[in-house]
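A.B. asks: Below are the sequence and a predicted model for it; my questions follow.
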Amino acid sequence: MPSSCPKCRRVLEEDEICCAQVRYTWRCKSCFKLTSGFAIPYGKCFLCGGELELIPDRDLGDSMRFRAIRDAVQFELNSFHFYKLARDKAGSPEQRAVLERLYEAELDHLHELEEKYHAHLDREVVELSANEEKLLSNWLFQGIHVTADSGIADLYQAALEMERRTRDHFQKLARELPAGLEKELCSELAAEEDEHVALLEGELEQMG
């Protein structure tokens with residue numbers, strides 16, 4: 001029997017789990033990395049070593065009213081469809097495997113946004129076929145070319161550039177906004193993208 005999430009009031013199907021699984025949220029005082037989980041860790045921020053603070057339950061209401069959340073969701077959706085299109089045109093099994101991993105990572109990022117900010121998306125939005133020409137004209141992908149001949153390192157460099165552009169976007173917004181919730185959201189999202197950058201840089205470095 002359908003029920004509703006006790007936090008965001010989203011109607012849930014039978015056996016579906018929503019925000020009720022999130023017990024605690026904490027944030028780094030230095031880099032603003034926001035993390036959710038069942039237990040608060042002891043120690044410092046795993047990203048920068050900064051001090052952690054517990055964030056009380058924030059009622060954002062309709063989180064999509066914030067530009068920061070709207071932008072974050074749109075960027076992740078665009079990147080997801082970008083990798084999906086590229087994967088379908090992959091020229092080798094190795095290339096396809098990397099693009100598959102990258103597009104699945106973007107889907108994970110979308111799920112993280114849903115969990116942390118209750119930015120729930122209809123499944124139909126994720127499954128929509130993107131207009132390729134319109135998608136590739138977006139500023140996020142300008143100058144980035146992924147072809148059937150692209151090497152594995154080239155794919156990682158393209159992914160890195162996209163993550164850096166997204167991070168820089170939120171850092172710029174955070175600098176321009178006055179103190180307040182929207183500025184905090186931008187700083188949190190910039191930290192999230194910074195983590196994605198660090199992960200990709202680490203994987204690229206391991207490739208030698």
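C.D. replies: Arrived safely, thanks for sending.
A.B. asks: hey, let's count contacts and neighbours off CA atoms from now on
C.D. replies: Fine.
A.B. asks: Show me the strands in this structure, by range?
C.D. replies: Using DSSP state E, the strands assigned to the chain run over residues 3-4, 11-12, 24-28, 34-37, 52-54.
A.B. asks: I'd like the mean pLDDT over the second one, please.
C.D. replies: What that stands for is strand 11-12. Mean per-residue pLDDT for strand 11-12: 59.
A.B. asks: Surely A119 is in contact with H109?
C.D. replies: No - under the criterion of Cα atoms under 8 Å, A119 is not in contact with H109, lying 11.8 Å apart.
A.B. asks: any weak-confidence spans in the protein?
C.D. replies: Confidence mapping of the chain against pLDDT under 70 gives the ranges 1-23, 39-40, 122-130, 208.
A.B. asks: mind exporting stretch 193-208 as CSV, just the C-alpha atoms?
C.D. replies: Extracted as CSV, the C-alpha positions of stretch 193-208 are listed here (Å, rounded to 0.1, in the frame of the first residue of the first chain):
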residue,chain,number,x,y,z
GLU,A,193,32.1,18.5,-7.7
ASP,A,194,35.5,18.9,-6.2
GLU,A,195,35.3,15.4,-4.9
HIS,A,196,34.3,14.1,-8.4
VAL,A,197,37.3,15.9,-9.8
ALA,A,198,39.6,14.3,-7.2
LEU,A,199,38.3,10.9,-7.9
LEU,A,200,38.8,11.2,-11.7
GLU,A,201,42.3,12.7,-11.2
GLY,A,202,43.2,9.7,-9.1
GLU,A,203,41.9,7.2,-11.6
LEU,A,204,43.7,9.0,-14.4
GLU,A,205,46.9,9.0,-12.4
GLN,A,206,46.7,5.3,-11.8
MET,A,207,46.5,4.8,-15.5
GLY,A,208,50.1,6.1,-15.6
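A.B. asks: now it, how far from the chain's geometric center?
C.D. replies: Computed by Cα atoms, centre = their mean, to the nearest Å, the chain-centroid distance of stretch 193-208 equals 15 Å.
A.B. asks: The protein: helices as residue ranges?
C.D. replies: Assigned helices in the chain, in chain order: 67-88, 93-117, 123-127, 132-136, 152-176, 181-206 (criterion: DSSP state H).
A.B. asks: Tabulate these (JSON lines), appending distance to R27 and mean neighbour count.
C.D. replies: Compiled in JSON lines, those are given as follows (distance: least, Cα to Cα, whole Å; neighbours: other Cα atoms under 10 Å):
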{"stretch": "helix 67-88", "distance to R27": "17", "mean neighbour count": "20"}
{"stretch": "helix 93-117", "distance to R27": "12", "mean neighbour count": "18"}
{"stretch": "helix 123-127", "distance to R27": "28", "mean neighbour count": "10"}
{"stretch": "helix 132-136", "distance to R27": "33", "mean neighbour count": "12"}
{"stretch": "helix 152-176", "distance to R27": "16", "mean neighbour count": "18"}
{"stretch": "helix 181-206", "distance to R27": "8", "mean neighbour count": "18"}
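A.B. asks: Relative to L60, which of the ones you listed is closest?
C.D. replies: Distance to L60, taken as Cα to Cα, is lowest for helix 93-117 among these, at 7.5 Å.
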